[in-house]
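[1] sequence? don't have it. structure:
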Ligand code: SER
């Protein structure tokens, strides 16, 4: 029997596209999508979908057994801005789901796990530019704290129990198929929807707030490449980088295709979060260990987003 892959959190921004890409690679029948809520139409119609609350370990195990799952991508998380509003719930969701999957791997029910970390693990004392793989980490958000704790737990389960866990610290991810929910980098997705609909956007980050960003295709490529690699030296949650820009720079890149687009700025509590995050990331370790390389430039990202949202350029 072919072993199958389970995506938990398949209705989210990254989970959606991961399911679609993995189904292309491995065949629709080998990728099981799951989430607490139904998702994107393409995901729902192209293969099996299970309703799953990943805070319930027994429910995950049932699905693992039912579908002969050998690999799990755990894409469940409450993101940075929303987690600040309900810190305890965010902590419980982000940590309990991770423990459930790590324990199932430790107990031999699955062979390999992917779990995403984030640039949110860095904080005000981390170097802002070319933030290294290993450096001071003092996250100020509940989301960042949960991701940094999660990284340490992954390391622990790997060293102590030999769990094969792979992880990436994603920058802000930009895509058009589903919208992100509750993140600090969400402006970089919203801006495209508003540019097309209203020709104007009010940014909740100030004009010169530079953050590391990446187009979804790069993020998916990186994830699958890391999971496929046979020679990862040890567990590491890898820095990866593609581009860095501010709201002003992104708006200029959009104006190339929508010249009458305008942007205004009114920062809110998300500005404080952004101020603590890196402006650029050093991803040499990922380049060295598994040949990571970003392929999508800012101009290509802008074109793909506009075309993807049916504004043909
Ligand atoms: N995009 C995420 C957020 O803004 C960062 O991992 O919360």
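    Happy to help now that I have it. Please read these numbers as outputs of a predicted model, since none were measured by experiment.
[2] for whichever residue of the stretch 151-300 of the chain sits closest to the ligand, helix, strand, or coil?
    Among the residues of the stretch 151-300 of the chain, residue 183 lies closest to the ligand, at 2.8 Å counting by C-beta to the nearest ligand atom. Bear in mind the C-beta positions are built from the backbone N, C-alpha and C, glycine included. The three-state assignment at residue 183 reads coil, by DSSP: H, G, I helix; E, B strand; the rest coil.
[3] pLDDT score assigned to it?
    Note for residue 183: predicted pLDDT of 96.
[4] show me the contacts for the residue lying closest to it once chain neighbours are set aside.
    Excluding the flanking residues, the one nearest residue 183 by C-beta to C-beta, 6 or more residues apart in numbering is residue 79, at 3.9 Å. Residue 79 makes contact with 143, 180-184 under the criterion C-beta atoms under 8 Å, 6 or more residues apart in numbering.
[5] where does pLDDT dip in the chain?
    For the chain, the stretches with pLDDT under 70 are 1-2.
[6] within range of the ligand, give me the residues from it.
    79-80, 118, 120, 143, 170, 172, 183-185 (C-beta under 6 Å from any ligand atom).
[7] hmm, back to that, for the contacts of residue 79, pick the one with the most neighbours.
    The residue in these with the most neighbours, by other C-beta atoms under 10 Å, is residue 184 (30 neighbours).
[8] would you mind confirming that that residue is in contact with residue 83?
    No. Residue 184 lies out of contact with residue 83 (C-beta atoms under 8 Å); the separation is 10.3 Å.
[9] quick one: residue 288 is in a helix?
    Yes. Under three-state DSSP, residue 288 falls within a helix.
[10] number of residues surrounding it?
    The burial count for residue 288: 11, using other C-beta under 10 Å.
[11] check residue 23 too.
    Residue 23: 20 neighbours (other C-beta under 10 Å).
[12] pull up the gap between it and the ligand, please.
    Between residue 23 and the ligand the distance is 24 Å, computed by C-beta to the nearest ligand atom, to the nearest Å.
[13] where does that residue sit, in terms of helix or strand?
    If you go by DSSP states H and E, residue 23 is part of helix 13-26.
[14] which strands or helices does that helix pack on?
    Under the contact definition 3 or more C-beta pairs under 8 Å, 6 or more residues apart in numbering; DSSP states H and E, helix 13-26 sits against strand 4-8, strand 31-35, helix 41-46, helix 216-228.
[15] which residues touch stretch 186-205?
    In contact with stretch 186-205 (C-beta under 8 Å, 6+ apart) are residues 81, 172, 174-176, 179-180, 184, 211, 213, 246-247, 250-251, 254, 258, 260-268, 270-271, 274, 305-306, 309-311.
[16] next, the buried residues of stretch 158-166.
    Residues 158, 163-166 are the ones in stretch 158-166 that count as buried (16 or more other C-beta atoms under 10 Å).
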